[in-house]
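Peer 1: just the structure for this:
(chains A and B)
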Amino acid sequence: MNRVLSARPVVWLTWGALIFFMLNLVGIVGAVVTNSFAESWFGTWLPDGYTGKWYGEAWRDYRLLDVLVVTFQVAIAVVVISVLIGVPTAYALARRNFPGKKLLNVLFLLPILMPPMTYGIPLATVLYKFHLAGSMFGVIAANLVPAVPFVVLTMTPFIEQIDTKIESAARMCGANTVAIFTRVLAPLLVPGILAASILVLVRTVGMFELTFLTAGPTSQTLVVSLYEAMSSAGIRPQQMVDSMAVIYTGSMLVLLVIALRFVNPTQLVTRLKEPS
Amino acid sequence: MTALLSPRDRESPSPRDRKSLERASLKHRLAEKGVDRVLWLLVPGAVFVVLLFVYPFLYGLQLSFQPKGGGSPFQNYITFFSDSYLAETVWITLRLGLPAALFNVLASIPIAFRMRGRFRGKRALTTLLVVPITLGTVLTAEGLLAFFGPTGWFNRIWMALGADEPAKLTHNYWGVLFSLIITGFPFAFLLTLSYLSGIDPTLEQAAATLGASKRQRFRTITMPLLAPGLAVTFCLSFVLAFSVFPSAVMVGNPAGETHVMSIAAYETALRDNDFAMGSAIAMLMALVMLIVIGVVLIWRATLYRGATGGKG
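Peer 2: Residues are numbered from 1 along each chain as shown, chains lettered A, B, ... in the order given. This next block holds a predicted model:
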């Protein structure tokens, strides 16, 4: 830090820009939080008075308990299914070189690289065709599309670094395949699975596009009902939408703090293996 | 067992034995290529990705060639490019996505540079920079509307500093660009930081002992090693910015200045129920995105991509 303090204008510019960015960020978040506690706020520096009633009203009016339950159910289902599908796939990809492996790798990379809107619209079309959209099933299926590849991509390097000799040793000692998986590999995989699941959880709760395209009235997650609340805000006071947004951000923050206890911040973004 | 078999039997195995031998050798040959029972584990994943990703994508592709109103298979694409309101969305999206991605990548270089190594409060500062991920597009949009709005705090300070009229920063291009920077910057920063910390610092120290100045070290050591990573970061930031949807609706001007491709695709597919046209726009979105990423990756292929001496 001492070096930084005695440094050149470029450094000062960097920190200055960072502080400016942070100040704006604080202003943006602060404006929403302040408004969510405001009695009324029109064209002044600060609101006229403060109240917590908007939270209660938003909770009731937008049926936030139901929405939170749906969000929770969708997120847990996506996490469990994506781990069940993704981990075996990652194991096979990490342990074997077989013809067509490159193609499969690309197929698992594409859903993460493509913007959700591009495959979300055809996916929603197909789901509507089979009358699956508008239900919990449709939302879970749509959210699995980026979640499974994400688990595969996170777990493959993790499995690669587990020594194959451990498995061979277990087999030498007479363990069958099931025993190897449940008693040797599973305990070793737990940290990786935990990291992957928490990342999938954060991404699913925050995923807007896919849920928006496939959700019906009873299968909206928190982000989508927040968006709906905002686009039809005219009827209800702005403060209610803001308090809902604060609830959303609060729950995301809790998830993120939990996530950061288990994983490195850089893993939140993506875990792409450098194509060589 | 073998003792019971006559010598003749041993020389030429019975047909059944031969068959099982052949099977065994086929199995063996396959196993040498890496095909064995372990690959059954791939089945759920492969079925999943084909069923929920490849099939819908191909379905959308063929649907886009079956225009709702009949006519030539390319009618949807012809309509898209002849209707200036729709054709313009390509430029509008690129005009938002490219600057936002470029800014996020360029801004994260100097900041990531300062965050290398260990210092007190590094974890706190990193966490602070990651917080925008939790905000979500809606809170960001609400905040931008309130903060940058005509009577918001920003414009109050702006006016107090002596401006004649409030700066118009919401419900237009700038509002969406700000929201893309706020949500996209943490991603770009974290990626750049991870690439940068993968470069071995001893390389720079070696250059320093040979008398290279700070600027020289940055230009001839760090940048060439970092550039391939920056290309990937740019691609991922661009994908994020390119698919902008909620913020373009809320802080932008969705019918005009920020009528981006994803809005056009969503509106035609789910509001007007023209799934064929909506799929056509989605396919064009994928195409434009692939072109930009392809160009960047081709440029990346010309760069040095060997060992960086570090963990990356």
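
Peer 1: C-alpha only now, for contacts and for neighbours.
Peer 2: Fine.

Peer 1: other residues contacting the helix or strand hosting B:Ala206?
Peer 2: Under the criterion of DSSP states H and E, B:Ala206 resides in helix B:201-209. The contact list for helix B:201-209, computed with CA atoms under 8 Å, 6 or more residues apart in numbering or on different chains, reads B:Lys214, B:Arg217, B:Ile221, B:Thr222, B:Gly309.

Peer 1: so which residue is dead centre in chain B?
Peer 2: When chain B is reduced to its mean C-alpha position, the nearest residue by CA atoms, centre = their mean turns out to be B:Leu236, at 3.1 Å.

Peer 1: ok, then the element right after the helix or strand that contains it?
Peer 2: Secondary structure assigned from DSSP H and E places B:Leu236 in helix B:223-242. Along the chain past helix B:223-242, the next helix or strand (assigned with DSSP H and E) turns out to be helix B:246-250.

Peer 1: so A:Val148 belongs to a helix, correct?
Peer 2: Yes - per DSSP: H, G, I helix; E, B strand; the rest coil, A:Val148 lies within a helix segment.

Peer 1: return the residues in contact with the residue nearest to the centre of chain B.
Peer 2: With contacts defined as CA under 8 Å, 6+ apart, the neighbours of B:Leu236 are A:Leu113, B:Ala188.

Peer 1: looking at residue 193 now. What's its pLDDT?
Peer 2: By default, I'm working from chain A. What the model reports as pLDDT for A:Ile193 is 87.

Peer 1: oops, chain B please
Peer 2: Per-residue confidence at B:Leu193 stands at 83 (pLDDT).

Peer 1: just the one 4 residues further on next, same as before
Peer 2: Note for B:Ser197: predicted pLDDT of 78.

Peer 1: count of neighbours near it?
Peer 2: Counted with other CA atoms under 10 Å in any protein chain shown, residues neighbouring B:Ser197 total 18.

Peer 1: and for A:Val178?
Peer 2: In terms of burial, A:Val178 registers 9 neighbours under the definition other CA under 10 Å.

Peer 1: quick check, central residue of chain A?
Peer 2: Averaging the C-alpha coordinates of chain A gives a centre point, and the residue nearest to it by CA atoms, centre = their mean is A:Arg203 (0.9 Å).

Peer 1: so which residues of chain A form helices?
Peer 2: Remark: helices assigned in chain A by DSSP state H are A:2-5, A:9-36, A:53-61, A:64-95, A:101-113, A:116-129, A:136-160, A:164-172, A:177-179, A:186-206, A:209-214, A:222-231, A:238-262, A:265-269.

Peer 1: give me the helices and strands touching the shortest one, please.
Peer 2: Applying 3 or more CA pairs under 8 Å, 6 or more residues apart in numbering or on different chains; DSSP states H and E, one finds that helix A:177-179 contacts no other helix or strand.

Peer 1: average model confidence for it?
Peer 2: 82.

Peer 1: same check on the fifth one?
Peer 2: Average pLDDT, helix A:101-113: 87.

Peer 1: name the residues that touch it?
Peer 2: Outside helix A:101-113, the residues that touch it by CA under 8 Å, 6+ apart are A:93, A:119, A:145-146, A:149-150, A:152-153, B:46, B:49, B:53, B:236, B:239.

Peer 1: how does chain A divide into domains?
Peer 2: The domain map for chain A lists A:2-51, A:54-269, with the assignment taken from automatic domain parsing.

Peer 1: pull the contacting residues for the closest residue to A:Leu144 other than its chain neighbours.
Peer 2: Once flanking residues are discounted, A:Leu144 sits nearest to A:Val78: 5.8 Å by CA to CA, 6 or more residues apart in numbering or on different chains. When contacts are counted by CA under 8 Å, 6+ apart, A:Val78 touches A:Ile140, A:Ala141, A:Asn143, A:Leu144, A:Ala147, A:Val200, A:Leu201, A:Thr204.
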